[in-house]
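> have a look; sequence and predicted model below, questions after that.
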Number of protein chains: 2
Amino acid sequence: MNPDFLRAALEPVLLETIAGGASYGYEIARAVHEASDGKLLAQEGTLYPALHRLEKQGLLSAKWKQSAEGRRRKHYTLTATGRKRLAALRTQWQEFAASVNQILGLTFHYA
Amino acid sequence: MNPDFLRAALEPVLLETIAGGASYGYEIARAVHEASDGKLLAQEGTLYPALHRLEKQGLLSAKWKQSAEGRRRKHYTLTATGRKRLAALRTQWQEFAASVNQILGLTFHYA
DNA sequence: CTTGCATACCTCGCCACACCAGGTATAGTA
DNA sequence: TACTATACCTGGTGTGGCGAGGTATGCAAG
C-alpha cells in the first residue's frame, strides 16, 4: 500500500476509529487494519506521532489507565472539536474521492 | 484542498489526463482543474517536477514542439509502461478508496 | 513603444509526515 | 530463562507538495 494513501486519509480514519470505540494505540491500529481487510496499516512510527498531533490540536483527549492485567494504556476519546473535525474531514474526503473517480472515469456513487 | 490528497492521487490523475489527450504542462494542469470542477489543482512547483519524475520512470515520453503561434511546448505521451502503470494505479486507487469509505461508514460502490 | 497579462517552462528551499530502526517495559508462556 | 505479544515512544531519512522566484514569448492596451 502506497504510503501517500495513508497520508491522505489517516486523520479521518483515526478519528472515526476512535469514535467507533477503539481507544488506545494498539487497539486503534488493529481496528483500522481489520476494518480495512488488512489493506490499511498504520505503523507505530506513524500511529503514535499522529495521535500526539491530534491531541495537540485538541481533537483528542488522552488519559492513562491501568488495564486489568496491569498494562498501562493511553486511552483516547474524541473532543467536541474532534467530532466537528471528523464531520468536516468526511465531507472533504468524499469530495476528493469523487473528483479523482471522475477524472479516472470510474463510475460510482454514494448511496 | 488538503495537499496530501493531491499527493495520494497525482500520479494516476496525470497519467489519465495525458491518456485522455492533454499533452503539455499547462494544458494538463487546466484539464485536471476543469475535470475536477476546480477541486484539484496541480501548482507549477508540483506539476513540472511530477512530470519529470514520471518521465524519468519511463512512464511518459517527452518531445519539444513549436506551436502555431510560435510557443515552445513540451508534449508528453504515455509509454507502454505508462499505460500498464495507469491500469495498476487505478486498481490501487479503487481498493484504497473503498477501504477508506468502509472505515468512514460511507455506503459507496463502483458501478 | 512600453506596460501588462496570459502562456509556458523551470528550479530551489521549506516543511510535513510516513517509515524504519531502535529503545523501554510488562504479562504470559515455553 | 528465553521468547513472544502487548504497549508505548522517538530520532533520522527520504519523499514530495508548495511558495517564491526566475526566464521567455505572443498579444493587446495605453
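Looks like it came in fine.

> residues in contact with the residue most central in space within chain A?
Using C-alpha atoms, centre = their mean, the residue of chain A that lies closest to the mean C-alpha position is A:Leu14, 1.3 Å off. Residues in contact with A:Leu14 (C-beta atoms under 8 Å, 6 or more residues apart in numbering or on different chains) are A:Ile28, A:Val32, A:Ala42, A:Leu47, A:Ala50, A:Leu51, A:Leu54. In short, each C-beta sits where N, CA and C put it, glycine included.

> DNA strand C next: which of the residues you listed are close?
Contacts with DNA strand C are made by A:Ala42, A:Ala50 out of the contacts of A:Leu14, judged by C-beta under 7 Å from any atom of the strand.

> show me which pair in the contacts of A:Leu14 is furthest apart.
Comparing every pair within the contacts of A:Leu14 by C-beta to C-beta identifies A:Val32 and A:Leu54 as the most remote, at 13.8 Å.

> in contact with the closest residue to DNA strand C within chain A: list those residues for me.
Scanning chain A for the residue nearest DNA strand C gives A:Gly45, at 2.0 Å (criterion: C-beta to the nearest atom of the strand). Not one residue lies near A:Gly45 by C-beta under 8 Å, 6+ apart.

> which of the contacts of A:Leu14 sits closest to A:Ser67?
Using C-beta to C-beta as the measure, the one of the contacts of A:Leu14 that approaches A:Ser67 most closely is A:Ile28, at 15.0 Å.

> the closest one touches A:His75, doesn't it?
No: using C-beta atoms under 8 Å, A:Ile28 is not in contact with A:His75, being 10.2 Å away.

> same drill for the two, tell me which one is more crowded.
Neighbour count, other C-beta atoms under 10 Å in any protein chain shown: between A:Ile28 and A:His75, A:Ile28 has more, with 22 against 16.

> who touches that one in this structure?
With contacts taken as C-beta under 8 Å, 6+ apart, A:Ile28 has the following neighbours: A:Leu14, A:Thr17, A:Ile18, A:Ala22, A:Ala42, A:Leu47, A:Leu51, A:Tyr76.

> cool, and A:Ala111?
If you count contacts by C-beta under 8 Å, 6+ apart, A:Ala111 has them with B:Thr107, B:Phe108, B:His109.

> for the first one, give me the pLDDT.
When you say that, I think you mean B:Thr107. Among the per-residue scores, B:Thr107 shows a pLDDT of 83.

> on the three-state scheme, A:Pro68 is what?
If you look again at residue A:68, you'll see it is Ala, not Pro. Classification of A:Ala68 into helix, strand or coil gives coil, according to DSSP: H, G, I helix; E, B strand; the rest coil.

> count of neighbours near it?
Residues contacting A:Ala68 under the criterion other C-beta under 10 Å number 5.

> would you mind listing what in chain A touches DNA strand C?
A:1, A:3, A:6-7, A:10, A:41-46, A:49-50, A:53, A:69-71.

> could you redo the last one with a cut-off of 10 Å?
Residues of chain A found near DNA strand C, taking C-beta under 10 Å from any atom of the strand as the criterion, are A:1-11, A:13-14, A:40-51, A:53, A:56-57, A:66-72.

> give me the element A:Thr77 is part of.
strand A:72-78 (DSSP states H and E).
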